[in-house]
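Undergrad: Let me see the structure of the following:
(chains A and B)
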Number of protein chains: 2
Amino acid sequence: MPQSRPSVSPGDPISAIETAALIVDLDAFEANLKTMADYAKAQGVRVRAHAKTHKCAEIAKRQMALGAVGMCCQKVSEAVALVAGGVTDVLVSNEVLHPAKLARLAALTPKARIGLCVDSDLGLDRLLEAAAGSAAPIDAYVELEVGGNRCGVTSTADGVALAKRIAASNTLRFGGIHAYQGGAQHLRTPAERKAAIDVAISRSAELSAALTREGIEVPVVTGGGTGSFINEAGSGVYNEIQPGSYVFMDRDYADNTADLSAPRFRHSLFVLTSVMSRRADFAVIDAGLKAHSIDSGFPAIAGRPDLAFDNPSDEHGIIRGSDLPQLGETLRLIPGHCDPTVNLYDWLIAIRGDRVAEIWAVDARGALT
Amino acid sequence: MPQSRPSVSPGDPISAIETAALIVDLDAFEANLKTMADYAKAQGVRVRAHAKTHKCAEIAKRQMALGAVGMCCQKVSEAVALVAGGVTDVLVSNEVLHPAKLARLAALTPKARIGLCVDSDLGLDRLLEAAAGSAAPIDAYVELEVGGNRCGVTSTADGVALAKRIAASNTLRFGGIHAYQGGAQHLRTPAERKAAIDVAISRSAELSAALTREGIEVPVVTGGGTGSFINEAGSGVYNEIQPGSYVFMDRDYADNTADLSAPRFRHSLFVLTSVMSRRADFAVIDAGLKAHSIDSGFPAIAGRPDLAFDNPSDEHGIIRGSDLPQLGETLRLIPGHCDPTVNLYDWLIAIRGDRVAEIWAVDARGALT
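TA: Numbers count the residues shown, from 1 in each chain, chains lettered A, B, ... in the order given. The predicted model follows:
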């Protein structure tokens, strides 16, 4: 069940926020949005930002106000929440097979342009059934396996066959090629990331050329996350990128060695936590496994590189270091991985300086269907 | 924001459940509740079951109907949700320092018996301030460090000093000694667990004896989780145990080598997932890092020991094995760790055989303050 709106209001000091809470530094957040928008404009690529990171219609609308053509998400229930929040263009960048989910997706078409990926005949059969009842055509993208070893057709021939079926339909529009290489995002060096994306570019170009030979126009080749997007953007093959984490930047993305030609993003998302128990050699904070996700490692502590997070349990974390915080003191954790961390919260508390500025709902929190 | 109630009703087949979803096998669940209740009755110890596992008032009330004296939880906001759901006895088995949280806790006393742990003079000062406004006395427990290296006073003298202050107050009742050894729960062998709990028993007995010498009656010595409770229950020092995970049993608890004298519990909690993409050598399922917590390792696959879960990303998991499921087929994952997994869901879908039986709200989902 949802947690009630935080008991703070715009203008309140940060010290009034009850912990554990998820806070967004607006100066850093706004700088990140502008940096990506400026970069994409200069490069001449479209941005379809990924809402799986923030699950928040308010943030999506700000991204689109700065020029993003629309949003991606991964689940039909995320698309439903985003459209309910006023987002007018959503691509579910994933495969969906369940007829009830597909009917729900098709029912969004009066309010928003809707897209979905397919990588199998069964998936396309089901989408065609649902699209028969939709108010407007759905954009169907062929997902291509480009080295991430997850979803997607694995041959040009399979991609052409699916695209032909889409192009022949009256209720679907061929959206283009979905070619996201998730595994490349956290390869640590620019050279490793470039090598992985070179493979993705090559496969995408091959499918695109084959479709063109078949007389099928490819409006969009889309992919590229916060770790790799400069490679896709500069490829001449991709014309759309899908970055998500750049709005917040987590510890794991910051651990990538930066490409010097890439724009830089700041940490804007923090778990505000306080010390609940104190020993001579460690402090116990009120943010454990239910307050941030450790799948990509432990959080860093903002502004305190001398402190280390250790040994989390469900509702506790241990802080070690030489100059430990006192009982009741707060710290800001930089989450190891922002996406599953945001998914733990109903609300984002946006701050400016030392004050609460805005409170945003995490509209698609827990959206798993 | 909350996900809407699942679009299935009691009597519907399991195949109608949209994935990913969290399901509870009622036969196994009810057997687990009865097994623990029977064991505690036979041993003559109280059960104060831990709601941090399920966060569900409906389950709490069923545990109390079978004899549990009340519930534990870890956060004030969890206590608020449980009391709102009709639970009449809640111990926040943790330290709380924020005055607004403590005021909210004190405000529950007209509806429920409320307890809280303290391990510092500051914590007790704050609790006393809040208790001045409560309708009924709050039970204050002295938390004792018993080897888990987390919260709790580290000396008998400190415990006696806090208990004296509690006993001298008009607005608090001395609840007893809180002596939970979290680190012992997943020690793999019965001998390791017994050795760890022997230390906890010894420290608890020492504090209890010191309090008795001071003329302070110790009504309860409480602690013990699903991994260790037979040791506390048989100690002659603890008179209350706090098991939580026994209701569901996760993969990690099942990986403990069982003590032959301990009652056995069954897996009752599963993530229902389906195959969304299929390759020759793996299947991609729709349950990733946002559908179950991997902090204690990957899930097992119920009834399919030949299959292995691998390489999760935010919304995907990879299944490997020789006889892979087909596109659209469902699997049941046994979560690595049940507590943070339940915290990802708004609803528990209780099943009996192959049908939906009941739908329960996860009342305290996301309760972090």
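
Undergrad: Let me see the ranges of the helices in the stretch 51-200 of chain A.
TA: A:57-65, A:76-84, A:99-106, A:121-131, A:156-167, A:190-213 (DSSP state H, counting those that start in this stretch).

Undergrad: Please identify the deepest-packed of the ones you listed.
TA: Most buried of those by mean neighbour count (mean count of other CB atoms under 10 Å in any protein chain shown) is helix A:76-84; its value is a mean of 24. For every residue, glycine as well, the C-beta is placed using N, CA and C.

Undergrad: any idea of the mean pLDDT in that one?
TA: If you average the pLDDT over helix A:76-84, you get 98.

Undergrad: which residues are there in the stretch 1-150 of chain A that come within reach of chain B?
TA: The stretch 1-150 of chain A comes close to chain B at residues A:1-3, A:7, A:18-21, A:52, A:74-75, A:77, A:81, A:94-98, A:100-101, A:119-120, A:122-123, A:149-150, as judged by CB under 8 Å from any CB of the partner chain.

Undergrad: In CSV, list the helices of the stretch 51-200 of chain A along with distance to A:Leu33.
TA: Conversion of these to CSV gives the following (distance: least, CB to CB, whole Å):
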stretch, distance to A:Leu33
helix A:57-65, 6
helix A:76-84, 17
helix A:99-106, 27
helix A:121-131, 32
helix A:156-167, 33
helix A:190-213, 23
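
Undergrad: low-confidence ranges in chain A?
TA: A:1-2 (pLDDT under 70).

Undergrad: quick revisit: just the residues of the stretch 1-150 of chain A next to chain B: which are in strands?
TA: A:Ala21 (DSSP state E).

Undergrad: how's chain A carved up into domains?
TA: For chain A, automatic domain parsing gives the domain ranges A:14-24+A:265-361, A:27-247.

Undergrad: right, so of the helices of the stretch 51-200 of chain A, which gets closest to B:Arg355?
TA: Nearest to B:Arg355 among these is helix A:99-106 (17.6 Å), distances taken as CB to CB.

Undergrad: Check which helices and strands that closest one sits against.
TA: In terms of contact count using 3 or more CB pairs under 8 Å, 6 or more residues apart in numbering or on different chains; DSSP states H and E, helix A:99-106 is assigned the packing partners helix A:76-84, strand A:113-118, helix A:121-131.

Undergrad: how about 10 Å then?
TA: If contacts are counted by 3 or more CB pairs under 10 Å, 6 or more residues apart in numbering or on different chains; DSSP states H and E, helix A:99-106 sits against helix A:76-84, strand A:89-92, strand A:113-118, helix A:121-131, strand A:138-143.

Undergrad: Now A:Ala130. Nearest residue, chain neighbours left out?
TA: Excluding the flanking residues, the one nearest A:Ala130 by CB to CB, 6 or more residues apart in numbering or on different chains is A:Leu102, at 3.5 Å.

Undergrad: Contact partners for the one you found?
TA: For A:Leu102, the contacting residues are A:76, A:92, A:96, A:116, A:123, A:126-131, A:133-134, A:138, by CB atoms under 10 Å, 6 or more residues apart in numbering or on different chains.

Undergrad: again, only using 7 Å
TA: Applying CB atoms under 7 Å, 6 or more residues apart in numbering or on different chains, we find A:Leu102 in contact with A:96, A:126-127, A:130.

Undergrad: cool, and A:Val90?
TA: Each residue near A:Val90 by CB under 7 Å, 6+ apart is listed here: A:70-71, A:73, A:79, A:82-83, A:112, A:114.

Undergrad: please redo it, this time with the cut-off set to 8 Å
TA: A:51, A:70-73, A:79, A:82-83, A:108, A:112-115 (CB atoms under 8 Å, 6 or more residues apart in numbering or on different chains).

Undergrad: now A:Ile216
TA: By CB under 8 Å, 6+ apart, the neighbours of A:Ile216 are A:160, A:163-164, A:167, A:174.

Undergrad: cool, and A:Ala350?
TA: Counting by CB under 8 Å, 6+ apart, the residues that A:Ala350 touches are A:23-24, A:26, A:29, A:356-360.

Undergrad: Could you rerun that using 6 Å?
TA: A:24, A:26, A:357-358 (CB atoms under 6 Å, 6 or more residues apart in numbering or on different chains).

Undergrad: Include distance to B:Arg278 when you put these into JSON lines, please.
TA: Listed next are the contacts of A:Ala350 as JSON lines, based on distance: CB to CB, whole Å:
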{"residue": "A:Val24", "distance to B:Arg278": "39"}
{"residue": "A:Leu26", "distance to B:Arg278": "44"}
{"residue": "A:Ala357", "distance to B:Arg278": "47"}
{"residue": "A:Glu358", "distance to B:Arg278": "44"}
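
Undergrad: ok, so of those residues, who is nearest B:Gln185?
TA: Closest approach between these and B:Gln185, by CB to CB: A:Val24, at 35.3 Å.

Undergrad: sec struct for the closest one, please.
TA: Following DSSP: H, G, I helix; E, B strand; the rest coil, A:Val24 is assigned to strand.

Undergrad: Can you get me a residue count around the residue nearest to A:Met71 when sequence neighbours are not counted?
TA: Spatial nearest neighbour of A:Met71, chain neighbours left out: A:Ala51 (4.5 Å); criterion: CB to CB, 6+ apart. Using other CB atoms under 10 Å in any protein chain shown as the criterion, A:Ala51 is surrounded by 30 other residues.

Undergrad: still on that earlier bit, in ChimeraX, select just the buried ones from the contacts of A:Ala350.
TA: Restricted to buried positions by 16 or more other CB atoms under 10 Å in any protein chain shown, the ChimeraX selection for the contacts of A:Ala350 reads:
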select /A:24,357
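
Undergrad: and of the contacts of A:Ala350, the nearest to B:His316?
TA: When the contacts of A:Ala350 are compared for distance to B:His316 (CB to CB), A:Val24 wins out at 26.6 Å.

Undergrad: Surely that closest one touches A:Tyr345?
TA: No: using CB atoms under 6 Å, A:Val24 is not in contact with A:Tyr345, being 10.8 Å away.

Undergrad: still on that earlier bit, could you say which one of the helices of the stretch 51-200 of chain A comes nearest to A:Ala280?
TA: helix A:57-65 (42.3 Å).

Undergrad: what's the offset of the closest one from the middle of its chain?
TA: Helix A:57-65 sits 13 Å away from the centroid of its parent chain (CA atoms, centre = their mean, to the nearest Å).

Undergrad: Taking strand A:21-25 as reference, get the angle to it.
TA: 20 degrees (axes from the mean of the first three to the mean of the last three CA atoms, to 10 degrees).

Undergrad: what residues does helix A:57-65 touch?
TA: Residues contacting helix A:57-65 (CB under 6 Å, 6+ apart): A:49, A:51, A:71, A:82, A:85-87, A:360, A:363.

Undergrad: how many neighbours does whichever residue of the stretch 101-250 of chain A sits closest to chain B have?
TA: As assessed by CB to the nearest CB, chain B sits closest to A:Cys151 within the stretch 101-250 of chain A, at 4.0 Å. As a burial measure, A:Cys151 scores 25 neighbours (other CB under 10 Å).
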